[in-house]
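Colleague: no sequence on this one, just coordinates:
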């Protein structure tokens, strides 16, 4: 399968997506900007915060993080 990356103007994006979805041979993988992906990432982040507060997830202090850079 071949892949192609396109830059579509925001005002034409919805039209383009509807057009592409009409082709049965095209498989669409949404980028991270979709509303569903954003909400999923927020949910995952909140779950990680909950685990960190419970001590079930190892965290790094901001100072240690900056020292690694």
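Modeller: Perfect, I can see it now. For clarity, every value in this text was computed on a predicted model and none was experimentally measured.

Colleague: Helices of this protein, start to end?
Modeller: Ranges of helices within the chain are 10-21, 35-53, 62-68, based on DSSP state H.

Colleague: Show me the one of those helices that comes nearest residue 28.
Modeller: helix 10-21 (6.5 Å; C-beta to C-beta). Where you see a C-beta, it was placed from the backbone N, CA and C, and this is true even at glycine.

Colleague: for residue 59, what are its contacts?
Modeller: Residue 59 is in contact with residue 52, counting by C-beta atoms under 8 Å, 6 or more residues apart in numbering.

Colleague: From residue 9, how far out is it?
Modeller: Noted for residue 59: a distance of 41 Å to residue 9, by C-beta to C-beta, to the nearest Å.

Colleague: Give me the pLDDT value at residue 54.
Modeller: On the pLDDT scale, residue 54 is placed at 94.

Colleague: avg pLDDT for stretch 9-28?
Modeller: On average, stretch 9-28 scores 91.

Colleague: which residues are contacting stretch 20-27?
Modeller: 1, 28.

Colleague: so how far is the first residue of it from its last?
Modeller: 9 Å (C-alpha to C-alpha, to the nearest Å).

Colleague: Next: stretch 19-39.
Modeller: 25 Å.

Colleague: quick one: that stretch to chain centroid distance?
Modeller: 12 Å (C-alpha atoms, centre = their mean, to the nearest Å).

Colleague: Tell me the buried residues in it?
Modeller: Of the residues in stretch 19-39, none count as buried by neighbour count, 16 or more other C-beta atoms under 10 Å.

Colleague: ditto for stretch 8-22
Modeller: Buried residues in stretch 8-22 (16+ other C-beta under 10 Å): none.

Colleague: just use 29 as the starting number from now, easier for me
Modeller: All right, first residue 29 from here; so that's stretch 36-50.

Colleague: centre of the chain versus it, how much separation?
Modeller: 19 Å.

Colleague: again with stretch 55-72
Modeller: Stretch 55-72 sits 4 Å away from the centroid of its parent chain (C-alpha atoms, centre = their mean).

Colleague: Understood, closing this out.
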